[in-house]
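Peer 1: I'll drop the sequence and a predicted model, then ask my questions.
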Amino acid sequence: MTARAGTVEALYPFLYDGEDAAPDARADALTASAAAKLQESAALRRATLEQHADALVMCAFAVHRALACGSSTDADALARAISEIRPAHAAALTSETAVLTALANDIGFEHAAARHLAALVRPGDVVVAISTSGSSPNLVRALEVGKERHAVTVALSGTGGGRFAELDVDYCFAVPSSSVHRIQESQTAIYEVLVQLVGHLYERGAAHGPEE
Amino acid sequence: MGATSVGHLLRYIDDGVRARATDPPPELPDALARAAARIAAAARCGGRVLVCGTPDTASDVDHVVVEFVHPVITGARSVAALACHETEPEAIGRWIHDITQPADVVIVLAQSSADPVIATAGPAATRIGASVVTLVNEGTADVVVGCIEELAAKELRVVAYHVLWELVQLSLSGSDARGAMS
C-alpha cells in the first residue's frame, strides 16, 4: 500500500502497512542507544538548568496564579504541582476540554488558548506557554493576550526560542537541542525546578520579592 | 518570615544540577532495550499499546499514548494506543479485562512498584495473554528509572519512556528518530 502525501496514511503509515520494512535491530544496539540517549538527556538537562538559573529564580518570585497552556500533559503536570503548593493558584487551559473543543470547533484551534485566556487572566497572573518549537500559533496568540492583559509571560521552547523569543516575554527558557524528546525532558526539568523554588518561597512566606 | 535570598535559591538549583549528574541505574539501558523489543514485537503482530498508572502518573499515561499514536516525526511508525483514565487498581483491572486482547502490550506506570496498580494491572493483562511492561522510579519492575528527588521523579520517567519510544522506533524501522518540533 502506497501512502499518499498529506493523507492520514502518510502521517501514520504503520496503521496501514502490514509489513515491516526492516528487521529487528540487534539487542545490543538498542542497549547502546539507550545508554547514549540517557547520557545526552542528563547532560542537556544540567546545562539547561545552569544556563537559566538566574531567570528561574526571578521567575519563581513572580509566580502568583499560573495559567498554563501548550502541551497538554506538561501544562497539566505544571498546574497540578503548583496547586499542591497553593491550592487553586494554577490551572491548565488544556484540561478544560469542553471549552477547548468548543473554541477549536467554532473559531479554530489557533485562537482557542487566546480566547480562553482573555476571559481568565488578571494583571499579575503568570501565563506559561510550553512548546518545543516556540512557534505554535495558538500559543503565540496566548502570550500576546497575556502581555496585553499585563500578565507575567513565561515561555518554554526549543533552540533559539522560536517566535516566542520575538514576543518580548518576561521569561523565555529555550532548550538548546534539535531533538523534540530531549527538549521536552529539559522543559520538564525547568518547570520541576521552578515548582520547587515556588514551594520553597511559599514555605518561607517570601514570594513577594527577592532579597539580595 | 525567613530570609530567602537569590543566592540561596541559586544554590538550591546548583544542588539539583549536581544531583542530575548521578549515573542512572546501570541496568536501565538494557531494561529499556528489552522492554522496547517486547513492545515492538507486539506492534508487529497488530497489538495495541494500552497504558495505565496511578493518580501521580496520570499525565505520564496520556503522554505515553501520544508518543505512540502521534509520532513526533511525520512518517514515523504510529502504533495504536489507548490511555486508561481509571486510577483505582480494581477499576484498572476491570478496564484491562474488558479491553485487552492477547496481541496487546500493557504499560503500567507508577512511582513505586509497591503501588497496588502494579500487582493488579500486570497479572490482569497476563491472564489474557498480553505482554506487560512495568515502569517505576523505585522497587522491582521491568524498567526502574531511579529517583533524584520527589519532583524529579517525573523528569526521570519522561526521559525513560521517551527513550523507550525511540528504541521501539529503532527496533521497528532500523533508523533513529529525532522529531519535528511543535
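Peer 2: Happy to help now that I have it. In this text, all values refer to a predicted model and were calculated from it rather than measured experimentally.
Peer 1: pretty sure A:L30 is touching B:R38, no?
Peer 2: No: with contact defined as Cβ atoms under 8 Å, A:L30 does not count as touching B:R38 (11.3 Å). No exception for glycine: its C-beta is placed from N, CA and C like everyone else's.
Peer 1: more crowded one of these two?
Peer 2: Neighbour count, other Cβ atoms under 10 Å in any protein chain shown: between A:L30 and B:R38, A:L30 has more, with 26 against 18.
Peer 1: list the contacts of that one.
Peer 2: Counting by Cβ atoms under 8 Å, 6 or more residues apart in numbering or on different chains, A:L30 touches B:32-33, B:36-37, B:167, B:170-171.
Peer 1: of these, which is the most crowded?
Peer 2: Note: the member of the contacts of A:L30 with the most neighbours is B:L32, at 30 neighbours, neighbours being other Cβ under 10 Å.
Peer 1: that residue in helix, strand or coil?
Peer 2: Local secondary structure at B:L32 is given as helix here, using DSSP: H, G, I helix; E, B strand; the rest coil.
Peer 1: so what's it up against?
Peer 2: Listed by Cβ under 8 Å, 6+ apart, the contact set of B:L32 reads A:30-31, A:34, B:143, B:160, B:163-164, B:167.
Peer 1: ok, now B:I39?
Peer 2: The contact partners of B:I39, taken as Cβ under 8 Å, 6+ apart, are B:49, B:79, B:105, B:107, B:131, B:133, B:164, B:168.
Peer 1: can you rerun that using 10 Å?
Peer 2: Neighbouring residues of B:I39 by Cβ atoms under 10 Å, 6 or more residues apart in numbering or on different chains: B:47, B:49, B:68, B:79, B:105, B:107, B:131, B:133, B:164-165, B:167-168, B:171-172.
Peer 1: what's the helix or strand for it?
Peer 2: Taking DSSP states H and E as the criterion, B:I39 maps to helix B:28-44.
Peer 1: for the record, mean pLDDT for that helix?
Peer 2: Taken as a whole, helix B:28-44 has an average pLDDT of 96.
Peer 1: please, where are all the strands along chain A?
Peer 2: Assigned by DSSP state E, the strands in chain A fall at A:66-70, A:90-92, A:126-130, A:152-157, A:171-174.
Peer 1: what's the angle between the first one and strand A:126-130?
Peer 2: When you say that, I think you mean strand A:66-70. Counting by axes from the mean of the first three to the mean of the last three Cα atoms, to 10 degrees, strand A:66-70 points 20 degrees away from the direction of strand A:126-130.
Peer 1: for chain B, which helix is longest?
Peer 2: Using DSSP state H to define each element, chain B has its longest helix at helix B:152-173.
Peer 1: now do the SS call for B:C147.
Peer 2: Here B:C147 is recorded as coil under three-state DSSP.
Peer 1: which among the contacts of B:I39 gets closest to A:A55?
Peer 2: A:A55 lies nearest to B:W165 out of these, by Cβ to Cβ, at 30.2 Å.
Peer 1: tell me how many other residues crowd that closest one.
Peer 2: The burial metric for B:W165, expressed as a neighbour count using other Cβ under 10 Å, is 24.
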